[in-house]
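Asker: This is a predicted model, with the sequence first.
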Amino acid sequence: MRSIDLTDSRVVVMGLGRFGGGIGVTRWLVAQGARVTVTDKESAESLRHSIEQLSDLPVTYHLGGHLDSDLERCDLLVVSPAVNKAQSEYVRKAVERGIPLSSEMNLFVERCPARRIIGVTGSAGKSTTTAMVGSIASACAQAGRVPAVWMGGNIGHSLLNDLHQMTADDLVVLELSSFQLEDVAMVPWSPSHAVITNIKPNHLDRHVTMEAYTAAKMNIVRFQKPDGLAFVSAADEPLAEEVRKAGAGSRLRRFEFDPAFRKALRVPGRHNQDNAAAAVAVSRSVGIPDDLIARGLSQFTGLPHRLELVGEYNGVQYYNDSKSTTPESALIALNAFSAPVVMMIGGGDKGMSFDEMCRQIVQKAKGVVCYGATGPKLFDLAGRFAAASTPSARVEKARSFEEALTVAKAMAEPGDVVVMSPACTSYDMFTNYEQRGERFREIVRSFAT
């Protein structure tokens, strides 16, 4: 892929983000000799923390809105994946002016020298699978079988500023969101090794239809070279068919969990066996032997906010699954336990159906507490299913996050588990899912005092 020379070019970075999403790309662009303007709809005050991290750089800021004048002499517009380009007037004006568009991920993959890039996507499990692959690859590097391993993308930090250290023989592991994959069509690019954990309804507030969402996900295989490989669960024939329709049928490989790795797996739940199955399959495909795969799996103890055991108090275990923002991921959490489960669900609405989730929760859980912006809808829906089911979960609603946890605590008895697996975004009450998870931790840990 041909990449443009950025020396002395005028680049506008659209979207700095309150949590530093644009920091890595801005720092890298300046290092390439570009003259950078950062624009964001948020105010300077709300972006203060991000701006402070770039205080040593000669960057121009236009915040609180976008200025058309910045496009007049712009050579490149780098758009945050969080920006919905289809609805952005600013992006439309840039396209009308013939200004090339790019993204942090596109800039990286255009220049990455590594021959082997493992890309992982999916509606649920992509972060955990990416981290599992990263742990396995790190065990391989520790054994001297690969020079270096780099993990990033939608997980971890920007890898742009590590490009100068990378070699062709290194192994790169990328978590790729649907937003990032939507952008790679501009390059076009797909990783040499593509893992798709699953595709279920998600981000329909952005993609609108499942067809558009699935099409974005399929970009992970759509532009692969002939020697590329695509990995899909042996049990997911509909997803395999989508891969075939995207033109990658000849590169398709199916995976299922190998019981030989059961002892090495240290995270609970059938879903993590599925994640491990994907990680094992793609790791084998890049030449990592089984003994190092087992070592890497045994070193992986889970990710924060993904079925994270926060503590056990009065015989009740409390799990933080704040990363769960879909009904499917909430059901995965529910089914991860053999003990009675009290579920906390609710938050911001992404336009997905909660019917099947509520039907299964009231049949399988001991209790469910509904809260947040979707709380009333979830309470009514779960209540209707509970009335028609015998036995059924006790269904309650709460006016606040804190009250929801208090109610869940009161429902639980020794031997039970309380799982905060919201199935919704955090934006109704929190700035992101991490803050929601941190608040859950704080409250649970206060039980010991």
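Answerer: Sure, I can see it. Note that the coordinates shown come from a computational prediction; the quantities given were computed from them, not determined experimentally.
Asker: C-alpha from now on. contacts and neighbour counts both.
Answerer: Noted.
Asker: mind listing what residue 266 touches?
Answerer: Residues near residue 266 by CA atoms under 8 Å, 6 or more residues apart in numbering: 297-298, 300-301.
Asker: Okay, and it sits in which element?
Answerer: Using DSSP states H and E, residue 266 maps to neither a helix nor a strand.
Asker: tell me the pLDDT at it?
Answerer: At residue 266, the model reports a pLDDT of 89.
Asker: Go through stretch 252-269 and flag the buried ones.
Answerer: Using 16 or more other CA atoms under 10 Å as the test for burial, stretch 252-269 gives 252-257, 261, 264-265, 267, 269.
Asker: Name the member of those residues with the shortest distance to residue 96.
Answerer: Closest approach to residue 96 among those (CA to CA): residue 252, at 38.9 Å.
Asker: Pairing partners for that closest one in the sheet, please.
Answerer: The partner list for residue 252 in beta bridges (DSSP bridges) reads residue 230.
Asker: wait, isn't it in contact with residue 232?
Answerer: Yes - here residue 252 lies in contact with residue 232, judged by CA atoms under 8 Å, at a distance of 7.3 Å.
Asker: Do a quick rundown of the strands in the stretch 201-350 of the chain.
Answerer: All strands of the stretch 201-350 of the chain, identified by DSSP state E, counting those that start in this stretch, fall at 229-233, 252-255, 308-313, 316-320, 341-346.
Asker: Just give me how far the first one sits from the chain centre.
Answerer: With CA atoms, centre = their mean, to the nearest Å as the basis, strand 229-233 stands 18 Å off its chain's centre.
Asker: same check, this time on stretch 247-262
Answerer: With CA atoms, centre = their mean, you get 21 Å for stretch 247-262.
Asker: Over to stretch 294-310?
Answerer: Per CA atoms, centre = their mean, the centroid offset for stretch 294-310 relative to its chain is 16 Å.
Asker: Based on its surroundings, how many neighbours for residue 5?
Answerer: By the criterion of other CA atoms under 10 Å, residue 5 has 10 neighbours.
Asker: I'd like the distance between it and residue 101.
Answerer: In this view, residue 5 and residue 101 are 14 Å apart by CA to CA, to the nearest Å.
Asker: for residue 404, same thing?
Answerer: 44 Å.
Asker: ok so, going back, pick the most buried one from the strands of the stretch 201-350 of the chain.
Answerer: Compared across the strands of the stretch 201-350 of the chain, strand 341-346 shows the largest average neighbour count, a mean of 29 (mean count of other CA atoms under 10 Å).
Asker: next SSE after it?
Answerer: Next along the chain from strand 341-346, counting by DSSP H and E, comes helix 355-364.
Asker: Return the set of buried residues in that next one.
Answerer: Within helix 355-364, the residues that qualify as buried are 357-364, counting by 16+ other CA under 10 Å.
Asker: Give the burial count for the nearest residue to residue 18 once chain neighbours are set aside, as a bare number.
Answerer: Among residues not flanking residue 18 along the chain, residue 47 sits closest, at 5.0 Å (CA to CA, 6 or more residues apart in numbering). With neighbours defined by other CA under 10 Å, the count for residue 47 comes to 19.
Asker: For residue 51, give me its contacts.
Answerer: So residue 51 contacts residue 44 (CA under 8 Å, 6+ apart).
Asker: do that again at 10 Å, thanks
Answerer: Residue 51 sits next to 16-18, 20, 23, 38, 44-45, 57, 59, 61 when contact means CA atoms under 10 Å, 6 or more residues apart in numbering.
Asker: Check residue 135 too.
Answerer: Counted by CA under 10 Å, 6+ apart, residue 135 has contacts 129, 141, 149, 151, 279, 292-293, 295-301.
Asker: how about a cut-off of 8 Å?
Answerer: Residue 135 makes contact with 296-297, 299-300, according to CA under 8 Å, 6+ apart.
Asker: residue furthest from the geometric center of this structure?
Answerer: Taking CA atoms, centre = their mean, the residue of the chain most remote from its mean C-alpha position is residue 390, at 36.3 Å.
Asker: Quick check: phi and psi at that one.
Answerer: Main-chain torsions, residue 390, degrees, to the nearest 10: phi -140, psi 120.
Asker: now it: how far from residue 363?
Answerer: Computed as CA to CA, the residue 390 to residue 363 distance reads 8 Å.
Asker: and what of residue 314?
Answerer: Taken as CA to CA, the span from residue 314 to residue 363 is 26 Å.
Asker: Just give the closest residue to residue 430, not the sequence neighbours.
Answerer: residue 436 (5.9 Å).
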